[in-house]
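Engineer: Sequence first, then the predicted structure:
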Amino acid sequence: MYGTIARLHPTAGREADLLAYGRRIRGIDVPGYRASYLFRPDKDPYDRPTVFLVAVFDDEASYKANADSPEQNERYLELRALLDDDPDWMDGTFDEG
């Protein structure tokens with residue numbers, strides 16, 4: 001499996017909108033898409049509220065095809081409008097273990 005983990009800093013007062021966004025994208029119909037999650041730490045590990053986005057695909061090819069699609073660009077713009085700054089993305093392999 002392949003995907004991404006992103007560190008997000010939600011704009012103050014937009015946390016509920018970010019959670020609603022996360023629920024909406026879980027239902028997307030994209031080839032190779034498996035799942036996505038928003039992780040909210042019990043204690044913020046940084047100097048401001050932080051949420052982590054995790055998205056998992058069958059493989060790198062399906063992940064990259066989605067990343068390059070106009071539909072994903074629209075979803076990204078919707079996400080970015082809820083954040084103070086650009087996400088910090090980490091792409092890579094998910095191993096089951």
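Structural biologist: Cool, the structure landed.
Engineer: Show me how far stretch 87-95 is from its chain's centre.
Structural biologist: Relative to the mean C-alpha coordinate of its chain, stretch 87-95 is positioned 10 Å out (Cα atoms, centre = their mean, to the nearest Å).
Engineer: now the residue nearest the centre of the chain, what's its secondary structure?
Structural biologist: In the chain, the residue lying closest to the centroid (Cα atoms, centre = their mean) is residue 53, at 3.6 Å. Following DSSP: H, G, I helix; E, B strand; the rest coil, residue 53 is assigned to strand.
Engineer: Run through the residues that contact it.
Structural biologist: 4, 5, 6, 8, 22, 36, 37, 38, 39, 79, 87 (Cβ atoms under 8 Å, 6 or more residues apart in numbering). C-beta: built from backbone N, CA, C; applies to glycine.
Engineer: Show residues contacting stretch 83-97.
Structural biologist: So stretch 83-97 is contacted by 1-11, 14, 18, 48, 53, 56, 60, 63, 79-80 (Cβ under 8 Å, 6+ apart).
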